[in-house]
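Student: Show me how the following folds:
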Amino acid sequence: MSKRDGGGRARLIAAYREGSAVAAIAVICSPAGIRLAAAGQGEAGALAAGETIHARWWCRRVVDAERVVAAAAARLRRCDSSSATLAAASIGSAATKLHVALQSEQELIDEALIVIERIDGEVDRMQRSGELKSVNKSYRTYRIETTARGERVQRYQDWMAEYRANLIRKLAAALRSL
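Tutor: Numbers count the residues shown, from 1 in each chain. The predicted structure is shown next:
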């Protein structure tokens, strides 16, 4: 990661996931046992107290994620098992049978990091060549308008981090449509 990271890596990876509009499939361990879940972007972080994610994958469509989870859950009911390892294997098997491509958590992160590095490299290049004038002008406009409304202004560094996250969302959305 670049010098600009400042702990924002997870935030930028989340921006990539949002832009990609991927759906999550998870094996969740809870005090009550193992459960399988499919979630779109708006619901991806919903864990109850005491629950942990044992394994998570990503796919292109919520409908596909739901189909995979339903098929895997049916298989687990037939096996009468509460093993997280067997649940994870059931997800893989169901995805294969349904012809749904899954991406592992690490594969998604690796893909996101490539996009993040590309954006960082371009911003660095633009800073060196003085091409960030329009971006800096946007920050100045934001600062003037926000101050006029009597609201608190974000520091330039924080504003720029959000600007980068928005660029990553847009690039991820563009890559999804290819």
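Student: Assumed A55 was part of a strand.
Tutor: Yes: residue state for A55 (DSSP: H, G, I helix; E, B strand; the rest coil) corresponds to a strand.
Student: where's it relative to A174, distance?
Tutor: As defined by Cβ to Cβ, to the nearest Å, A55 lies at a distance of 29 Å from A174. For the C-beta atoms, the positions are set from N, CA and C on the backbone; glycine is no exception.
Student: And A48, by the same measure?
Tutor: Computed with Cβ to Cβ, the distance linking A48 and A174 is 36 Å.
Student: Give me the buried positions along the longest helix along the chain.
Tutor: Selection of the longest helix in the chain by residue count, based on DSSP state H, yields helix 105-129. For helix 105-129, the neighbour count (16 or more other Cβ atoms under 10 Å) marks 108-109, 111-112, 115-116, 119-120, 123 as buried.
Student: Now that helix: average pLDDT?
Tutor: Across helix 105-129, pLDDT averages out at 94.
Student: Run a quick neighbour tally on the residue lying closest to A173 once chain neighbours are set aside.
Tutor: When the adjacent residues along the chain are set aside, A173 lies closest to G19, with 4.5 Å between them (Cβ to Cβ, 6 or more residues apart in numbering). Summarising burial for G19: neighbours were counted as other Cβ atoms under 10 Å, giving 23.
Student: Next up, the contacts around S104.
Tutor: If a contact means Cβ atoms under 8 Å, 6 or more residues apart in numbering, then S104 has 57-58 as its contacts.
Student: This completes my enquiry, with thanks.
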